[in-house]
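Engineer: got a predicted structure plus its sequence, pasted below:
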Amino acid sequence: MMKQKAQKQLRVGLIAMSGVRACDRELLALGLTLPGFVERSETIASLPSLGLITLASLSPDWCEVSYHEVDQIDDWSLDEMDSFDVIAISTFTAQVKEAYVLCERLKNHGVQYVVMGGLHATSLPDEALQFCDSVIVGEGELVWKQMLVDARDRCLKSKYRASQPFDLADAPMPAYELLDIQRYNRLTVQTSRGCPFKCEFCASSILLTDKYKQKPMEKVLAEVDKICELWKRPFIEFADDNSFVNRGYWKKLLPELAKRKVKWFTETDLSVAWDDELLDLMRMSGCAEVLIGLESPSIDGLNGLETKGNWKAKQLGRYQEGITKIQSAGIRVNGCFILGLDGHDVGIFDRVLAFADKLELYDVQVTYLTPFPGTPLYSRLRREGRLLEENAWERCTLFDITYQPKGMSCEQLRAGFHQLVKELYSEENTSLRRDRFKHKYRQASRSRLRNVSHLKV
C-alpha cells in the first residue's frame with residue numbers, strides 16, 4: 001500500500017524480508033505435519049516490520065512511501081521497479097543472502113539507491129555494503145531523514161550511524177495505514193527496547209541499544225488506538241524483548257489497555273509470576289499468552305548463560321511454581337528451550353520432554369543454540385574454532401545446526417532434536433497440554449478473578 005505525499009521528489013519503497021526459514025528438509029517436513037511446531041513460526045512469518053513502518057512515519061512530505069513484503073516483489077513490473085529512487089530493506093540473518101540477491105536485482109533494474117538496515121546489517125555493515133549502496137547502523141530513527149535528504153541530493157553516504165541513543169519519547173506513530181491488514185494475524189506495538197539480562201546468545205534489540213528504555217505510556221496507547229481504527233478487536237503483539245522490567249509502568253498502562261478490549265501477547269521473564277496484582281491486571285486487560293525463555297531444565301545448561309549475573313540459573317527451582325501461578329491467572333505460557341547448550345549431553349532431549357510435561361506448559365518452543373553475528377556467543381564459538389562454516393548465514397534459522405556442540409556430536413543433536421519435536425508436538429501431547437490448561441487453569445482463573453473485585457480496571 002502507498003502513502004502519497006505532496007510535491008513528491010523521491011519515491012521510497014520499504015521491503016520486509018519476512019518469513020521463517022529452515023534448511024533441514026526433514027525438520028521442515030515434520031513442521032508441516034505437526035501443528036504445534038509451526039504455530040509460532042507462522043505467527044512470526046505474518047508479522048509486519050515495525051521498524052520499517054516507523055521509518056515511514058519519519059519520511060518528509062516530499063517523499064512518496066510504500067511498504068511491501070518480499071513475496072510481493074515478484075509481481076512488480078520492470079517499469080514499477082525502476083520507478084523507485086530509494087528502496088530500504090530490513091532483514092534478519094537467515095534471510096540476508098536472499099536480501100543481497102534482491103539488492104543486485106533492484107540495482108540491475110534501475111533503482112537509484114538500495115539501503116539496508118536491521119540487526120544483521122548493523123552487525124556486519126561492511127559485508128552488506130558489498131551489495132547495497134548504504135547501510136543504516138543501529139537505531140535508524142535519528143538518521144533516516146538525513147539519508148533521504150542525501151539521496152534526493154545525490155550525495156548518499158555509505159553508512160549512517162546515530163551519534164546518540166534514540167529517545168523513545170520521540171518515537172513517531174508507526175504508519176500502520178501502509179499495511180495490507182488482511183495479510184497479518186496480529187500487529188506489533190513496541191513499549192521498550194533492550195533487556196537487562198543480556199544473554200550470551202541474544203540477537204534482539206540489545207544489538208541496537210545497550211540500555212533498557214521505555215516508550216511513554218501515552219504513545220503506546222495511541223498506537224493501540226490507531227490499530228483499533230484499522231482493525232476491530234485486533235490481536236496485538238508487544239514487540240519487546242522483556243516487557244515487564246518496569247512493573248510500575250505496566251500497572252498504570254494495563255487498566256487503560258483494558259478499556260480498548262484487545263487481546264495481546266508478549267515476551268517476559270519468570271519474575272512476572274511473583275506479582276499477583278500484575279497478573280490480575282494482565283488477564284483483565286486481554287493478555288492471552290506470554291513467552292518465557294526457560295532455556296534449559298538443568299543447571300548445567302543455565303550456568304553462565306547471561307553475560308551479566310546468573311539470574312535464570314537461580315530461578316530453576318522456582319520454574320514450576322512460577323508457571324503454575326501465571327497459568328492459574330488464565331494466561332497461557334509458551335515455554336522456550338534451547339537445545340545444544342554447552343552443559344547439555346544426549347540426555348537433554350528426554351529431560352526437556354519430561355520437564356515440559358511436569359511444568360504443564362500450554363505451549364512449548366524448542367530451537368537449537370544459534371550463534372548470530374554480533375553476539376558474544378558468536379565471538380566465543382568462533383574463537384574456540386567451533387563454527388561449522390564461516391558466513392553460513394542461511395543456516396542461522398534456529399532450526400539448523402551451525403556449530404560443534406560440546407556434549408554430543410552434531411548428528412546426535414540433530415537426531416535427538418527431531419525425536420523431541422515428534423514427541424512434543426504429537427497430537428496426543430498437544431491435546432493434553434491444551435485440555436489441561438482449559439480444565440485446570442482457566443477455571444482457577446475465573447475463580448480468582450471473582451475474588452479480586454477490589455481491582456477496578
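Structural biologist: Nice, thanks for sending it over. Numbering: from 1, shown residues only.
Engineer: tell me, how many residues neighbour Asp61?
Structural biologist: Asp61 has 10 neighbouring residues, counting by other Cβ atoms under 10 Å. In short, each C-beta sits where N, CA and C put it, glycine included.
Engineer: how far away is it from Leu148?
Structural biologist: Note on Asp61: its distance to Leu148, by Cβ to Cβ, to the nearest Å, is 11 Å.
Engineer: for Gln95, same thing?
Structural biologist: Counting by Cβ to Cβ, the separation of Gln95 from Leu148 is 24 Å.
Engineer: and Ser163, by the same measure?
Structural biologist: 18 Å.
Engineer: repeat for Lys308
Structural biologist: 37 Å.
Engineer: which one of the two has more residues nearby?
Structural biologist: More neighbours surround Leu148 than the other of Lys308 and Leu148, with 26 against 9 (other Cβ under 10 Å).
Engineer: contacts only, for the more buried one.
Structural biologist: Residues in contact with Leu148 (Cβ atoms under 8 Å, 6 or more residues apart in numbering) are Leu10, Val12, Ser59, Pro60, Cys63, Val86.
Engineer: quick one, which of these are buried?
Structural biologist: Among the contacts of Leu148, those buried by neighbour count (16 or more other Cβ atoms under 10 Å) are Leu10, Val12, Ser59, Pro60, Cys63, Val86.
Engineer: out of these, which one sits closest to Lys252?
Structural biologist: The nearest member of these to Lys252, counting by Cβ to Cβ, is Ser59 at 32.1 Å.
Engineer: my reading is that the closest one lies in a strand. Confirm?
Structural biologist: No: Ser59 is assigned coil when assessed by DSSP: H, G, I helix; E, B strand; the rest coil, not a strand.
Engineer: number of nearby residues for the closest residue in space to it that isn't next to it in sequence?
Structural biologist: Leaving out its chain neighbours, the residue that sits closest to Ser59 by Cβ to Cβ, 6 or more residues apart in numbering is Val65, at 4.9 Å. Counted with other Cβ under 10 Å, the neighbours of Val65 add up to 28.
Engineer: ok, then the element right after whichever helix or strand Val65 is part of?
Structural biologist: For Val65, the host element (DSSP states H and E) is strand 63-69. Counting by DSSP H and E, the next helix or strand C-terminal to strand 63-69 is helix 78-81.
Engineer: list the buried residues for that next one?
Structural biologist: Using 16+ other Cβ under 10 Å as the test for burial, helix 78-81 gives Met81.
Engineer: next one: the residue lying closest to Ser271 once chain neighbours are set aside relative to Thr268, how far apart?
Structural biologist: Spatial nearest neighbour of Ser271, excluding adjacent residues (Cβ to Cβ, 6+ apart): Phe244 at 7.2 Å. According to Cβ to Cβ, Phe244 stands 5 Å off from Thr268.
Engineer: what does Phe166 give?
Structural biologist: Counting by Cβ to Cβ - Phe166 and Thr268 are separated by 23 Å.
Engineer: between the two, which is the more surrounded one?
Structural biologist: The neighbour comparison of Phe166 against Thr268 (other Cβ under 10 Å) goes to Thr268, with 23 against 18.
Engineer: quick check: phi and psi on that one?
Structural biologist: With angles defined as degrees, to the nearest 10, Thr268 shows backbone torsions of phi -150, psi -180.
Engineer: for it, give the beta-bridge partners.
Structural biologist: Using DSSP bridges, the bridge partners assigned to Thr268 are Ile292.
Engineer: any stretches of the stretch 201-350 of the chain with poor pLDDT?
Structural biologist: The model of the stretch 201-350 of the chain has pLDDT under 70 over residues 205-206.
Engineer: could I get the full set of strands for it?
Structural biologist: 213-214, 235-238, 263-268, 287-295, 332-339 (DSSP state E, counting those that start in this stretch).
Engineer: as CSV, the ones you listed with distance to Pro48 would be great.
Structural biologist: Formatted as CSV, the strands of the stretch 201-350 of the chain follow (distance: least, Cβ to Cβ, whole Å):
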stretch, distance to Pro48
strand 213-214, 22
strand 235-238, 10
strand 263-268, 15
strand 287-295, 19
strand 332-339, 21
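Engineer: so which of the ones you listed gets nearest Gln182?
Structural biologist: Across the strands of the stretch 201-350 of the chain, Gln182 has its closest neighbour in strand 235-238 (13.9 Å, Cβ to Cβ).
Engineer: for the closest one, packing partners?
Structural biologist: Applying 3 or more Cβ pairs under 8 Å, 6 or more residues apart in numbering; DSSP states H and E, one finds that strand 235-238 contacts strand 187-189, strand 263-268.
Engineer: ok, which of those comes nearest Ile227?
Structural biologist: Smallest distance to Ile227 across the helices and strands packed on strand 235-238 (Cβ to Cβ): 5.3 Å, for strand 187-189.
Engineer: can you give the strand pairings for that closest one, parallel or anti for each?
Structural biologist: In the sheet, strand 187-189 lines up against strand 235-238 (parallel) (DSSP bridges).
Engineer: would you confirm that Phe355 contacts Gly301?
Structural biologist: No: contact criterion Cβ atoms under 8 Å: Phe355 and Gly301 do not qualify, at 10.9 Å.
Engineer: which of the two has more residues huddled nearby?
Structural biologist: Neighbour count, other Cβ under 10 Å: between Phe355 and Gly301, Gly301 has more, with 27 against 20.
Engineer: got the contact list for the more buried one?
Structural biologist: Glu295, Ile338, Leu341, Asp342, Gly343, His344, Ile348 are the contacts of Gly301 under Cβ under 8 Å, 6+ apart.
Engineer: got the residue ranges for the helices in the stretch 1-150 of the chain?
Structural biologist: For the stretch 1-150 of the chain, helices defined by DSSP state H, counting those that start in this stretch occupy the ranges 25-33, 35-45, 50-57, 78-81, 96-108, 119-123, 125-128, 144-152.
Engineer: which of those sits closest to Lys259?
Structural biologist: helix 50-57 (23.2 Å).
Engineer: from the buried ones among the contacts of Leu148, which two are the most distant?
Structural biologist: Pro60 and Val86 (12.2 Å).
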